[in-house]
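Asks: One predicted model, sequence on top.
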Amino acid sequence: MAAFRALNWDYRDFLLALPPPDGAIVRAAYPEERFRAILDAAERENRPPRGTMRLVLKNGVPVGCGTIQTLAPGDCEIKRVWIAPEVQGLGAGRALMERLIADCRELGFTRILMDTGRPLSQATKLYDSMGFSRRGPYQPMPPEAEGIMIYFELPLR
């Protein structure tokens, strides 16, 4: 869990460093106290059959992570997919997503929902290439996120 938490904080730091308005939206949506609470909840709740957490290792060192959480019966969300910059471009993101999608199937979900920010073009390309369809928001979002977020869906049947 310590490695999972550290990678999630690295991801948040990366998002906070994005140019305006993206970094400011992240700062408003995920102040430190709220982000800490999200990670605490993930540790308690994102376990089979409700979800899971995965780490990516390179030579035994954690370099990436991703989370699955239940949204509604049959629907899950893949969240906080992060690959450390030093290993991006080596296929770790695709391998992690393939594992997370397989986990979603094994957990009995019938649909994956997820989102990413427009500045994360490599993530967007990856999700598009893996068969995710673009869609509108699947949960309430603050008005500041309009035009900044890209939403995805992947049916599992």
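Replies: Alright, I've got the coordinates. Residues are numbered from 1 along each chain as shown.
Asks: Stretch 123-135: which residues count as buried?
Replies: Buried positions in stretch 123-135, judged by neighbour count with 16 or more other CB atoms under 10 Å: 123-124, 126-127, 132. Where you see a C-beta, it was placed from the backbone N, CA and C, and this is true even at glycine.
Asks: now do the same end-to-end measure for it.
Replies: 16 Å (CA to CA, to the nearest Å).
Asks: Please identify which helix or strand holds residue 47.
Replies: For residue 47, there is no enclosing helix or strand under DSSP states H and E.
Asks: Contacts for the lowest-mean-pLDDT helix or strand in the chain next, please.
Replies: Sorting the helices and strands of the chain by mean pLDDT, DSSP states H and E puts helix 22-29 at the bottom, at a mean of 88. If you take CB atoms under 8 Å, 6 or more residues apart in numbering as the criterion, helix 22-29 is touched by 12, 15-18, 117-119, 142, 144-145, 148.
Asks: buried sites along it?
Replies: Those buried within helix 22-29 under the rule 16+ other CB under 10 Å are 22-23, 25-26.
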